[in-house]
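Trainee: A predicted structure for the sequence below; I have some questions about it.
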Amino acid sequence: MLLGKVVGTLVATRKDEKLEGLKFLVLQRLDINGRPMDGYVVAADAVGAGLDEVVMYATGSSARQTVLTDRRPCDAVIMAIVDTWEVGGDVKYQKV
Amino acid sequence: MLLGKVVGTLVATRKDEKLEGLKFLVLQRLDINGRPMDGYVVAADAVGAGLDEVVMYATGSSARQTVLTDRRPCDAVIMAIVDTWEVGGDVKYQKV
Amino acid sequence: MLLGKVVGTLVATRKDEKLEGLKFLVLQRLDINGRPMDGYVVAADAVGAGLDEVVMYATGSSARQTVLTDRRPCDAVIMAIVDTWEVGGDVKYQKV
Amino acid sequence: MLLGKVVGTLVATRKDEKLEGLKFLVLQRLDINGRPMDGYVVAADAVGAGLDEVVMYATGSSARQTVLTDRRPCDAVIMAIVDTWEVGGDVKYQKV
Amino acid sequence: MLLGKVVGTLVATRKDEKLEGLKFLVLQRLDINGRPMDGYVVAADAVGAGLDEVVMYATGSSARQTVLTDRRPCDAVIMAIVDTWEVGGDVKYQKV
């Protein structure tokens, strides 16, 4: 999994019928130190994430393993809101 | 999912029989701000997208989860036409 | 899917038994304008492509969705021979 | 599979229900010589890896093939703790 | 599929139980001309490849389609030993 920050939202009314009810959030990718890095992903939200929250997302077929995304044409899902992570003993991120 | 702009079409008459009836569109990838970036993808169209429209596409096995692409040798599908997305409070794209 | 040009062939007699009968072609990747770009892939041929033909290929589990590649350890398949594609109104490639 | 060093841990209490009980570790990717390289991944731990250990991880749907990760929205799993690897006759890493 | 040269071996005694019996080889990636390029992969060996042999490997779920790797947490498999490949009429590699 990779880490991202919820920086935006996306609205699409005309879409495959299997996508009805999914909420799409725009994620800015974060590096191992929690700094923004190049690259983004639009992910379905399985956990009720909010703007500016740091999340963990899964891609590929694993993105369809939540109850919300099961059998849907969705290749990225937010499956956890991060509380904290540390690297080498340093806290790189702490949810406030 | 990632975002792309429909910039072209592709025709292939000689193809695997399972691909009959699919329409293939050429997508220019867009960055988080809606600007064209390097990279393209040819995607099957599951939503009736038109030229110049901004779309969201799914890749990998998730691309086979629409009714149109089910069990077909297709690894990218347009599964939504984007109305709008915003990042950091700024509208990055608005369908006209 | 991405686009490639058939530039070569590959022979392997010692291989997993499930691969018997597959033909492997070497593809040079093409960019959106039909120009060669870095990167290649060896793909199974599901459509009888020939040298110098421009083809569309699928990767990952989607590469196993043709009759020829079903349940085989193959992650790239040529699933169409391209007749033409155009971008922004310009014909970028036309099969002769 | 690729190689990584366990450099940290990640805690997420609000997550998809299918993730309950999984332990998430932060991996620094290693190159073929065992040196740290750009890139990280957060992986579920299927083998009881500890800090500073060098591990092998699998991604994509293969990450769901351990008993621990079966049918979970998880796209990276530590499936082995590396004892040693050698390249060109040189031992590049030896677990102590 | 991509091409690689077997340059090393990897030993891991503590691993997911489903990996018992698999042999892991370290592959140096090769470019279309058979020259070493950046990047490596550790792959399960389904064909009895030896050191210095040039092989073709499959990744992702396709890596689980050999008898040896079926349902195992393995995302790369050597599925063929290459005899020869040619590009543009030139033999780029010939097994001796």
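Mentor: Nice, I can see it.
Trainee: for chain B, what are the nearby residues on chain A?
Mentor: Counting by CB under 8 Å from any CB of the partner chain, the positions of chain A adjacent to chain B are A:7-19, A:24, A:26, A:28, A:40-43, A:60-61, A:63-64, A:71-76. In this view, the C-beta of every residue, glycine as well, is placed from N, C-alpha and C.
Trainee: List the contacts of the residue lying closest to A:Gly88 once chain neighbours are set aside.
Mentor: If the residues on either side of it in the chain are set aside, A:Gly88 comes closest to D:Val7, at 5.8 Å by CB to CB, 6 or more residues apart in numbering or on different chains. By CB atoms under 8 Å, 6 or more residues apart in numbering or on different chains, the contact list for D:Val7 reads A:Ile32, A:Val87, A:Gly88, D:Val26, D:Leu27, D:Gln28, D:Tyr40, D:Leu51, D:Asp52.
Trainee: show me what contacts the closest residue to chain C within chain A?
Mentor: Using CB to the nearest CB, A:Ser61 is the residue of chain A that sits closest to chain C, at 7.4 Å. A:Ser61 makes contact with B:Gly60, B:Ser61, B:Ser62, C:Ser61, D:Gly60, D:Ser61, D:Arg64, E:Ser61, according to CB under 8 Å, 6+ apart.
Trainee: I'd guessed the fifth one sits against E:Asp75; true?
Mentor: By that I understand D:Gly60. Yes. Using CB atoms under 8 Å, D:Gly60 is in contact with E:Asp75, at 5.7 Å.
Trainee: list the residues that contact both of the two?
Mentor: E:Gly60.
Trainee: hang on, the earlier thing: what about the residue of chain A closest to chain C, which SS state?
Mentor: Classification of A:Ser61 using DSSP: H, G, I helix; E, B strand; the rest coil returns helix.
Trainee: Let me see the ranges of the strands in chain A.
Mentor: A:2-11, A:14-15, A:24-30, A:36-45, A:54-59, A:76-81, A:84-87, A:90-94 (DSSP state E).
Trainee: Would you mind naming what in chain A lies close to chain D?
Mentor: Counting by CB under 8 Å from any CB, chain A sits next to chain D at A:1-3, A:31-32, A:46-48, A:56, A:58-67, A:69, A:77, A:79-88, A:92.
Trainee: Swap in 6 Å and give it another go.
Mentor: A:1, A:32, A:46-47, A:58-62, A:65-66, A:77, A:79-88 (CB under 6 Å from any CB of the partner chain).
Trainee: Sort out which of those are buried, if you could.
Mentor: The neighbour-count criterion (16 or more other CB atoms under 10 Å in any protein chain shown) marks A:1, A:32, A:46-47, A:58-62, A:65-66, A:77, A:79-82, A:85-87 among those as buried.
Trainee: neighbouring contacts of stretch A:18-37?
Mentor: Here stretch A:18-37 makes contact (CB atoms under 6 Å, 6 or more residues apart in numbering or on different chains) with A:3-10, A:39-45, A:72, A:87, A:92-93, B:87, D:40.
Trainee: what bridges to A:Gln28?
Mentor: A:Lys5, A:Tyr40 (DSSP bridges).
Trainee: Excluding covalently adjacent residues, which one is nearest to A:Val82?
Mentor: A:Val54 (4.6 Å).
Trainee: tell me how far stretch A:39-52 is from the chain's mean position?
Mentor: On the basis of CA atoms, centre = their mean, to the nearest Å, stretch A:39-52 is displaced by 4 Å from the centre of the chain it belongs to.
Trainee: ugh, wrong one, I meant stretch A:63-75
Mentor: Worked out by CA atoms, centre = their mean, stretch A:63-75 lies 13 Å from the chain centre.
Trainee: Now that stretch: buried residues?
Mentor: For stretch A:63-75, by 16+ other CB under 10 Å, it's A:Ala63, A:Arg64, A:Gln65, A:Thr66, A:Leu68, A:Thr69, A:Arg72, A:Pro73, A:Cys74, A:Asp75.
Trainee: next one: phi and psi at the third one?
Mentor: Spelled out, that is A:Gln65. Dihedral pair for A:Gln65: phi -90, psi 0, per degrees, to the nearest 10.
Trainee: What residue in chain A comes nearest to chain E?
Mentor: Counting by CB to the nearest CB, chain A gets nearest to chain E through A:Ser61 (7.4 Å).
Trainee: For A:Thr59, report the pLDDT, please.
Mentor: pLDDT, A:Thr59: 97.
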